[in-house]
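fold the following.
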Amino acid sequence: MKYIESLQDGMHVSGVYLCKTKTIALTKNGKEYGSLTLQDKTGQLEAKIWDLNSPAIRDFEAMDYVQVDGSVTVFNNANQLNIHRIQVASDGQYDPSDYFPVSEKDIDGMKASMLELIRSVNDPYLQKLLASFFEDPVFVKRFSRHSAARSVHHGFIGGLLEHSLSVATICDDISRHYTFVNRDLLVTGAILHDIGKLSELSAFPYNEYTDEGQLLGHIMIGAQIVSERIRKIEGFPRKLSAELIHMILSHHGELEYGSPKKPAIVEAMILSFVDNMDAKVETMYEAFKSKAPQNADGWLGYNKLLDSNIRRTSESGK
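Predicted coordinates for the structure are as follows:
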């Protein structure tokens with residue numbers, strides 16, 4: 001099969017993809033057409049069926065694996081597939097592992113690194129709190145295979161673990177530089193800051209916002225989850241509890257970015273900076289992987305998530 005990340009303008013495509021979404025829309029002239037989102041492990045691709053009455057268009061639904069034939073065009077600086085034929089794929093035509101994006105990093109290795117970091121937390125109450133989550137094999141399996149986002153950054157299997165470990169590791173490094181920081185609180189907050197995404201987003205193959213996610217969001221959900229777990233730990237200091245919950249509530253940094261509180265302690269401020277940095281660096285990395293340069297200088301064009309034109313770093317001496 002031709003993976004979505006390798007498709008280019010003018011290519012003919014014949015292969016099996018997962019139909020993530022399917023809607024029927026109207027052209028300006030009132031004619032119905034099909035608008036689809038196709039997916040494989042390298043990304044997603046918008047697709048159109050302009051002639052729904054063609055005998056080459058067979059019945060299929062969202063979340064079906066579909067055999068498609070079509071041609072790649074570019075619309076609004078993004079690839080789009082114009083579909084000429086489509087039908088439900090037969091069993092044996094596809095391997096499900098080809099259709100869901102997975103972290104490039106070894107998940108077992110990341111789990112081991114996370115557990116090592118947790119063991120380094122010395123505060124007995126924070127240690128008990130982390131152990132209550134990460135000594136539960138059901139939780140660890142779920143946390144390790146969940147995404148950190150629907151599409152913006154780390155939107156793949158293992159994304160939540162990769163992002164949380166990255167943020168926690170960087171925070172750990174920062175605590176060695178700013179020695180007045182409460183290192184155990186900072187690392188614990190970093191590990192748990194996105195725990196609410198387990199309920200905000202459904203698991204693969206859907207990876208869509210849940211009702212709870214739409215109504216509350218992962219920040220509020222995460223604060224609730226951690227608060228409930230803290231109440232089960234006898235003697236957990238109230239001030240420490242408030243500081244940790246504050247870190248979760250403020251980790252987006254600004255009210256306009258969804259945080260109900262702005263950082264009021266240094267650990268919360270560091271967490272918000274590192275979380276934002278890790279998300280944006282990953283966003284740029286994913287753009288590098290998925291989009292070919294638009295000119296010889298390597299510029300990829302405007303990225304609305306980063307609000308900037310971006311390009312790869314030039315090679316030394318060039």
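
contact partners of whichever strand or helix holds residue 189?
According to DSSP states H and E, residue 189 maps onto helix 183-192. Helix 183-192 is contacted by residues 114, 117-118, 120-123, 126, 129-130, 133, 164, 167-168, 170-172, 174-175, 222, 226, 240, 243-244, 247-248, 251, 267-268, 270-271, 274-275 when judged by C-beta atoms under 8 Å, 6 or more residues apart in numbering. Backbone N, C-alpha and C define where each C-beta goes, glycine included.

now these: which count as buried?
114, 117-118, 121, 123, 126, 129-130, 133, 164, 167-168, 170-172, 174-175, 222, 226, 240, 243-244, 247-248, 251, 267-268, 270-271, 274-275 (16 or more other C-beta atoms under 10 Å).

narrow those to those in helices?
With helices defined by DSSP state H, the entries of the buried ones among the contacts of helix 183-192 inside them are 114, 117-118, 126, 129-130, 133, 164, 167-168, 170-172, 174-175, 222, 226, 240, 243-244, 247-248, 267-268, 270-271, 274-275.

quick one, phi psi at the residue nearest to residue 284 when sequence neighbours are not counted?
Nearest residue to residue 284, sequence neighbours excluded (C-beta to C-beta, 6 or more residues apart in numbering): residue 310, at 6.1 Å. Main-chain dihedrals, residue 310, degrees, to the nearest 10: phi -130, psi 160.

near the closest residue in space to residue 222 that isn't next to it in sequence, how many other residues are there?
With sequence-adjacent residues excluded and distances taken as C-beta to C-beta, 6+ apart, residue 222 is closest to residue 196, at 3.0 Å. Neighbour count for residue 196, taken as other C-beta atoms under 10 Å: 23.

tell me who's in contact with residue 196.
217-225, 248.

residues touching the one helix or strand residue 160 maps to, excluding its own?
Using DSSP H and E, residue 160 sits within helix 159-177. Residues from elsewhere that reach helix 159-177, judged by C-beta under 8 Å, 6+ apart: 103, 105, 107, 110-111, 113-114, 117, 120, 143-144, 146-149, 153-154, 181, 183, 186-187, 189-194, 197-198, 270-271, 274-275, 277-279, 282.

for it, the averaged confidence score.
For helix 159-177, the mean pLDDT works out to 97.

tell me the strands beside the lengthiest strand in the chain, with direction?
When the chain is parsed with DSSP state E, its longest strand is strand 12-26. Strand 12-26 sits in its sheet next to strand 32-40 (antiparallel), strand 65-75 (antiparallel), going by DSSP bridges.

got the CA positions of stretch 260-279 in PDB?
The C-alpha coordinates for stretch 260-279 follow below in PDB (Å, rounded to 0.1, in the frame of the first residue of the first chain):
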ATOM      1  CA  PRO A 260      -9.200  27.800  35.000                       C
ATOM      2  CA  LYS A 261      -6.200  29.100  36.900                       C
ATOM      3  CA  LYS A 262      -2.900  30.700  36.000                       C
ATOM      4  CA  PRO A 263       0.300  29.300  37.500                       C
ATOM      5  CA  ALA A 264       0.700  30.700  41.000                       C
ATOM      6  CA  ILE A 265       3.700  28.500  42.200                       C
ATOM      7  CA  VAL A 266       7.000  28.100  40.400                       C
ATOM      8  CA  GLU A 267       6.400  24.300  39.800                       C
ATOM      9  CA  ALA A 268       3.200  25.100  38.000                       C
ATOM     10  CA  MET A 269       4.900  27.800  35.900                       C
ATOM     11  CA  ILE A 270       7.700  25.400  34.900                       C
ATOM     12  CA  LEU A 271       5.200  22.700  34.000                       C
ATOM     13  CA  SER A 272       3.100  25.000  31.800                       C
ATOM     14  CA  PHE A 273       6.200  26.100  29.900                       C
ATOM     15  CA  VAL A 274       7.600  22.600  29.400                       C
ATOM     16  CA  ASP A 275       4.100  21.200  28.400                       C
ATOM     17  CA  ASN A 276       3.800  23.900  25.800                       C
ATOM     18  CA  MET A 277       7.300  23.500  24.500                       C
ATOM     19  CA  ASP A 278       7.000  19.700  24.200                       C
ATOM     20  CA  ALA A 279       3.700  20.000  22.300                       C
END
